[in-house]
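Peer 1: sequence and predicted structure below; questions after.
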Amino acid sequence: MDTGYLLSVEPQELQFPFELRKQISCSLLLLNKSDNYVAFKVKTTNPKNYCVRPNAAVVSPRSTCVVIVTMQAQTVAPPDMQCKDKFLLLNVVASPGTTAKDVNANMFNEEAGHHVEERELKVVYVAPPRSLSPVREGSQEEAFLNCYQSIYKAPRASLDKTYKSSCRVAKCQFPGRVPLILNLAK
């Protein structure tokens, strides 16, 4: 993970296993190691092609947030499987108790005296994985497991053990789905 920023981001680029006519999701894990509330906003150079949830929110002190980025189904493969799309992650220290509903454009305005951190994330197309997973393609559970697997470099069979010992993300981002995610990871 990177250091020196308000939020650490994993992975450092958005990797989509490109397949024609399939909606594909990947995840970003935002980690706030500080004692501050940190507001963030995600922008893209190609908003018609992507859905970002949440696209703006607040990460509480010493906690995490999963951002699901979904690429709309493509009908044409890009030349050489290269993608020029980029995302910009903006983040700023927020007042204690700030919630996602409080996040607004003025918070990210440097002219208003706010120190705004910017991080550019590239989109990379990768070969689709050959998975025997029972997780439904394009689902939030798939995005969560793919993110978790890439962060911990763990085979899916061991994700439930790793999850139980170190991850609190699913409880806040997938309320009511934690048992489902654990069962799917087995």
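Peer 2: Great, that's in hand.
Peer 1: surely residue 6 meets residue 93?
Peer 2: Yes. At 6.6 Å, residue 6 counts as touching residue 93 under the criterion of CB atoms under 8 Å. (Each C-beta comes from the backbone N, C-alpha and C, glycine too.)
Peer 1: these two: which is more packed in?
Peer 2: residue 6 (22 against 16; other CB atoms under 10 Å).
Peer 1: hmm, residue 73 is touching residue 21, no?
Peer 2: Yes. Residue 73 is within contact range of residue 21, at 5.1 Å (criterion: CB under 8 Å).
Peer 1: which residues are in contact with both of the two?
Peer 2: Residues touching both residue 73 and residue 21 by CB atoms under 8 Å, 6 or more residues apart in numbering: none at all.
Peer 1: which one's more surrounded, those two?
Peer 2: residue 73 (13 against 7).
Peer 1: how near is that one to residue 46?
Peer 2: 14 Å (CB to CB, to the nearest Å).
Peer 1: could you do residue 69 as well?
Peer 2: In terms of CB to CB, residue 69 sits 11 Å off from residue 46.
Peer 1: remind me which residues of the chain are low pLDDT?
Peer 2: Residue ranges of the chain with pLDDT under 70: 1-3, 131-186.
Peer 1: what ranges do the helices span in it?
Peer 2: 140-152, 159-166, 169-173, 178-185 (DSSP state H).
Peer 1: thinking again about what came up before, what's the overlap in contacts for residue 6 and residue 93?
Peer 2: With CB under 8 Å, 6+ apart as the test, residue 6 and residue 93 both reach 36, 38.
Peer 1: would you agree residue 32 is in contact with residue 9?
Peer 2: No. Applying CB under 8 Å as the test, residue 32 and residue 9 come out as separate, 10.8 Å apart.
Peer 1: so between the two, which is more surrounded?
Peer 2: Legend: neighbour count by other CB under 10 Å for residue 32 and residue 9, higher for residue 32 (22 against 19).
Peer 1: show me the contacts for the more buried one.
Peer 2: 6-7, 38, 59-65.
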